[in-house]
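Enquirer: sequence first, predicted model second:
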Amino acid sequence: MLKNFLIPISRRDLLKLAGLTVAGSVLSSNNSVNAETVAPTQNFSINAENIPVLLRADVCVCGGGPAGTAAAVSAARNGLKVVLIEQGIVLGGLQTQGLVYPAMPTRITNSDTPYITDLNKRFAMHGVQVNWTDEPEYKNGGRAREYTPELLAFIYDELCADYKVDVLYETTLVGANVQGGKISEAIVHTVEGLRKVEAKIFIDATGDAALSRAAGVPSARGSDVTDRNQKMSFRFEMGGVEEMKVYKFFVKKLKDGWCESKPPEFEFAKSTNTEKFYYEGIQRGEVTKDDVAYIQAFTIVGKPGTLSMNCPEMSPYIYSSTNALDRSKAIQQGRIMIRRLANFFRKNIPGFKNAYISREASMLGVRESWRIKGKYCMTKDDYFNAQKFPDAVCRSAYPIDIHDESLKLTLLGKGEFYEVPFRSLITNEISNLMVAGRCISADFPAQAAIRIQPTCMSMGEATGIAAAYGLKKNIAVNEINWAAISESQRSYVSAK
Amino acid sequence: MLKGFSIPISRRDLLKLAGVTAAGAVLSGSINTNDVEAAEKISGDSIKYANKKIPVLYSADVCVCGGGPAGTAAAVNAARKDVSVVLIERGVALGGLGVLGCVYPFMDTHAPNSDTPYVAELKQRLRKKGIEPFDGVTQQTWHNPETLALIHDEMCESSGVNILYQTVVVDSITSGGKISAVIVQTIAGLAAVKAKTFIDATGDAYLARCSGVDYERGYEKTGNNQPLSFRFEMGGIDTEKLYNYVAIELQEDWCKSKLPYFEIAEAMHRKQRYKLEELMARGVETGEITQDEAEYMQGYTIIGKNGVMSMNCPEIPVKFSATDPISYSKAVTFGRKMMRNIARYLIKHLPGFENAFISREAVMLGARESWRIKGKYYMVEDDYHNQSRFVDAVCRTAWFIDAHGEKVSEKLPKGGYYEIPYRALISDKVSNLIVAGRCISASFILQASMRIQPTCASIGEAAGIAAAFGIKNHVAANEIDWAKIPAHQRSYVTAG
């Protein structure tokens, strides 16, 4: 795979990767890198002249979350050489590192694009038997997309291996070189030092529009009305839970009608019938008002006795997702909240007696941070008008879901849905850049609807297809008319 | 990205950071004056880097890079000596390999009285939270990763350490052999942190390397780094059944302690033969697992997580390098596949694992060794065998030379140990830099002994004390004579 890239990989590295270096072999004797004192290099300076190129490809995708992984796989499937840059050591972003489980449903039929269908089939191949069909009914939070984090991590690796995506793990995007309205290379931080990744097309799937911002694309953040970003969550999982006891407590004792199913598929939340239970905890001094501002917990497919906690949420008045110091403080505050919530559950919910925190998220649950200002900015009117676009890349009926002081969901009428246009994924400023995921061009309320995982995956998929089309037809990606791509090649065709 | 910073901080942000939040929000108490100072820094102080203006997030006395066992110890101990401290961590939890890497438990120094005050305090804090680290037999430190993360946050909070989470060190500004600032990538973009003294606790000697300190990597005889591990946790284990099978039925006496402190192991490359080797060898014969996967398997119960074991495997083949970004990335994918195979095999064949599942993957690879600096004193294998003592010793250990795949030494005689000199933490090249953790100045073979967590924590503790001492007494960090610091201020005084 490496020799496809033809570049600065030294002979030593190639041999080493090929597994040819053995103890005491002659190869290491003329080796200028291993184990001898190495003259310090200038490879740590961001000055572009000095940074070696690590990889060169057709497409460089920044960020390996739901959108980025879909983009990379989709581009590779369409015959392109793809590098996928991921800061952690697992693909899936919020799905795997953020423990955001399950994926919320689009609430509309025929929203599954081929990538999603394929992903679901792979879950079935691994023996996970859940209902993978489009689920039009919004069943109190969903349960339609139960991507067990650890299995999803493995499946994403499989997908990337199958389609020959080169994943660069533990690599952080730090900048971009722009020449003539084009990104020539991304500058990344690796364990070894700063490196460049060259590509013809770049896809920004960082969630924070980090690549776009580095390249000078204008962006917006937060609500025009409140000036606040959406709330961040710090999710965690608890093991050792006796699910039947929990079920009986909520459904029989508290008469909660929130969840319609029984263990092993069960969830509980803070709802009208259970509010009192949490407020009593505040009165007893066991939790704070902020701790229980939002409470939700889901059983996890394949992890018996384990619940995925969709909480705590950190106050958006205090912690902004677009301020580095805030995010840091939010982590510390969130960890304290997690501990208080876990203790509260253990003390007050039968079935939690022997429960323990089994896993904390390794990234904060950011719902919204920066959004690019692209060729088309989706607005809340598009949502309310159930807007269709000739260049639509996907559809959804997920509501405008703003977690702030109070959560108000305005649902569309039955069967109604809106579409996301390709023009929201491209910019006027940079000709070889596409954006996929939560940071596309949309106003604050519209973003609150398009931000869910299936929608992000479908957007990513479309950018991969557009990349291949653009390169083949020699069209800059920000000039592509999605509607002009033949229907058979498109992942989604507008219902218009 | 850079652009965002050139905009002066908005009134809203300033007010928010100052804790004057709008709409009568209740203050959580986590906002302190440091935020105000930081906000002032954002609005006021900036430096030029790569021809752009970037903000200075903090100007502190001490900046610690890396929040693992060494870095956290360094930060807390410096802060306790009343100097201002910033701790930069790329993840969302402190503890490094001990928390993010699932490296559990802390190995035993095998040296008498090796616990420095900070290490003793960690154990005491675990006890206070209901986690007893002593198994009654060995000196391994059994803990609970999630509790350890919380304890680290609490220690930073009480000592006044400013943590910068989700922040990656990418470069330094160094001139005349002195570092004036580190350049970091935050969620908002590039920024700088200024300090008088810097501590490199990155594990990879990243700051030292980018500041001009000499370094080396890997084993001089083979060019290989120590193998990487990709650790994980499994839940749903019937530990009683496992204990009965391994300890009673198979009569394996490897684990000296009893439930809840129980361990299973096999290591084919060791001289010692383990009863579970046969089980793993059978898997190779049937084709269910590979030889690489069977080579090394170990699991420890986790205190406070009933039915969960921390798996000290898979060990990724040595052809994958901890110091090459591409190879490192491939190690992740390869390791994840090995992990899956090992888990599936154990679930199928090891009594007690019938209902087990992967409950958590590490979020960083277990790198035992990557880069090591060449400092004022270079520790070598003889220091181990000779049980060297140093006037400027910062800690003691007798953990054996544990170079996986290369060399495993005999243990030192009972009561024997060697010491680590402060001079192995500093270099001639950079005056205001101290290195702590696995990347101090030592040969590959010696490093294989000093690299364990309690030793790294003790080294960090000394680095923190020295940094504060140097600032208060106007002595450059690399000119400090540890032996001249009053004995009561030192965390460790040589046994001579």
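Expert: Here it is on my side, so go on. Numbers count the residues shown, from 1 in each chain, chains lettered A, B, ... in the order given.

Enquirer: gap between the residue nearest to A:Leu194 when sequence neighbours are not counted and B:Glu419?
Expert: The shortest distance from A:Leu194 to any non-neighbouring residue, by CB to CB, 6 or more residues apart in numbering or on different chains, is to A:Ile51 (5.1 Å). Using the backbone N, CA and C atoms, a C-beta is placed for each residue, glycine as well. Relative to B:Glu419, A:Ile51 is positioned 41 Å away (criterion: CB to CB, to the nearest Å).

Enquirer: then B:Pro227?
Expert: Relative to B:Glu419, B:Pro227 is positioned 28 Å away (criterion: CB to CB).

Enquirer: between these two, which one's more packed in?
Expert: Residue environment comparison for B:Pro227 versus B:Glu419 gives the larger neighbour count to B:Pro227, 25 against 22, counting by other CB atoms under 10 Å in any protein chain shown.

Enquirer: picking that back up, burial count for the residue nearest to A:Leu194?
Expert: Burial measure for A:Ile51: 21 neighbouring residues, criterion other CB under 10 Å.

Enquirer: over to A:Thr288?
Expert: For A:Thr288, the number of neighbouring residues by other CB under 10 Å comes to 16.

Enquirer: what's the helix or strand for the nearest residue to B:Ala476 once chain neighbours are set aside?
Expert: Sequence neighbours aside, B:Ser431 is the residue nearest to B:Ala476 in space, at 4.2 Å (criterion: CB to CB, 6+ apart). Taking DSSP states H and E as the definition, B:Ser431 sits outside all helices and strands.

Enquirer: cool, and B:Met338?
Expert: Taking DSSP H and E as the criterion, the element that holds B:Met338 is helix B:325-349.

Enquirer: go on, B:Pro55?
Expert: Remark: B:Pro55 resides in strand B:52-65, with elements defined by DSSP H and E.

Enquirer: mind listing what that strand pairs with, with the direction of each?
Expert: Listed by DSSP bridges, the sheet partners of strand B:52-65 and their directions read strand B:46-49 (antiparallel), strand B:85-88 (parallel), strand B:189-200 (parallel).

Enquirer: so which of these comes closest to A:Asn481?
Expert: Using CB to CB as the measure, strand B:189-200 is the one of those that comes nearest A:Asn481, at 32.7 Å.

Enquirer: what's the spacing between the closest one and its chain's center?
Expert: Centroid displacement of strand B:189-200 relative to its chain, using CA atoms, centre = their mean, to the nearest Å, is 20 Å.

Enquirer: report whether the helix or strand following it contacts chain A.
Expert: Counting by DSSP H and E, the next helix or strand C-terminal to strand B:189-200 is helix B:206-210. Yes: applying CB under 8 Å from any CB of the partner chain, one finds helix B:206-210 in contact with chain A at B:206, B:209-210.

Enquirer: between those, which sits nearest B:Lys337?
Expert: Looking across the residues of helix B:206-210 next to chain A and measuring by CB to CB, the closest to B:Lys337 is B:Tyr206, at 28.3 Å.

Enquirer: for that closest one, give me its contacts.
Expert: If you count contacts by CB atoms under 8 Å, 6 or more residues apart in numbering or on different chains, B:Tyr206 has them with A:191, A:193, B:65-66, B:169, B:200, B:371.

Enquirer: try it again with 10 Å
Expert: Taking CB atoms under 10 Å, 6 or more residues apart in numbering or on different chains as the definition of contact, the neighbours of B:Tyr206 are A:44, A:189, A:191-193, B:65-66, B:168-172, B:182, B:200, B:370-371, B:439.

Enquirer: SS state for residue 244?
Expert: Let's take chain A. When the structure is reduced to helix, strand and coil (DSSP: H, G, I helix; E, B strand; the rest coil), A:Met244 reads as helix.

Enquirer: ok, now which ones touch B:Met364?
Expert: Shown in contact with B:Met364 (CB under 10 Å, 6+ apart): A:88-89, A:169-170, A:362, B:68, B:90-91, B:96-97, B:99-103, B:203, B:230-231, B:332.

Enquirer: how about a cut-off of 8 Å?
Expert: Under the contact definition (CB under 8 Å, 6+ apart), the residues listed for B:Met364 are A:89, A:170, B:91, B:96-97, B:100-101.

Enquirer: just those residues: which are in helices?
Expert: In helices, judged by DSSP state H, none of those are found.

Enquirer: next, format the residues you listed as TSV and append distance to A:Glu416 and pLDDT.
Expert: Compiled in TSV, the contacts of B:Met364 are given as follows (distance: CB to CB, whole Å; pLDDT from 0 to 100):
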residue	distance to A:Glu416	pLDDT
A:Ile89	41	98
A:Glu170	44	97
B:Gly91	42	97
B:Gly96	50	98
B:Leu97	51	98
B:Leu100	44	98
B:Gly101	48	98
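
Enquirer: tell me the one of the residues you listed nearest A:Lys414?
Expert: Minimum separation from A:Lys414 among the contacts of B:Met364 (CB to CB) is found for A:Ile89, which lies at 43.0 Å.

Enquirer: residues near that closest one, how many?
Expert: Other residues within reach of A:Ile89, judged by other CB under 10 Å, total 27.

Enquirer: please name the bridge partners of A:Val178.
Expert: What pairs with A:Val178, by the bridge criterion (DSSP bridges), is A:Ile183.

Enquirer: now swap in B:Tyr300 and tell me
Expert: With DSSP bridges as the criterion, the beta-bridge partners of B:Tyr300 are B:Glu263, B:Ser310.

Enquirer: touching, it and B:Phe106? I think so.
Expert: No: in this structure, B:Tyr300 sits apart from B:Phe106 without contact. The criterion is CB atoms under 8 Å, and the distance is 11.0 Å.

Enquirer: who touches both of those two?
Expert: Shared contacts of B:Tyr300 and B:Phe106, defined by CB under 8 Å, 6+ apart, are absent.

Enquirer: circling back to that earlier point, which residues touch the residue nearest to B:Ala476?
Expert: Contacts for B:Ser431 were tallied using CB under 8 Å, 6+ apart; they are B:177-178, B:476-479.

Enquirer: swap the cut-off to 7 Å and go again
Expert: Going by CB atoms under 7 Å, 6 or more residues apart in numbering or on different chains, B:Ser431 touches B:177-178, B:476-478.

Enquirer: which ones are touching the most centrally placed residue in chain B?
Expert: Among the residues of chain B, the one closest to the centroid is B:Gly68, at 3.6 Å (CA atoms, centre = their mean). Taking CB under 7 Å, 6+ apart, we find B:Gly68 in contact with B:95-97, B:201, B:203, B:437.

Enquirer: pipe the residues you listed into TSV and attach neighbour count and distance to B:Arg127 per row.
Expert: Output for the contacts of B:Gly68, formatted as TSV (neighbours: other CB atoms under 10 Å in any protein chain shown; distance: CB to CB, whole Å):
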residue	neighbour count	distance to B:Arg127
B:Gly95	26	17
B:Gly96	28	22
B:Leu97	25	22
B:Ala201	35	26
B:Gly203	29	28
B:Gly437	31	25
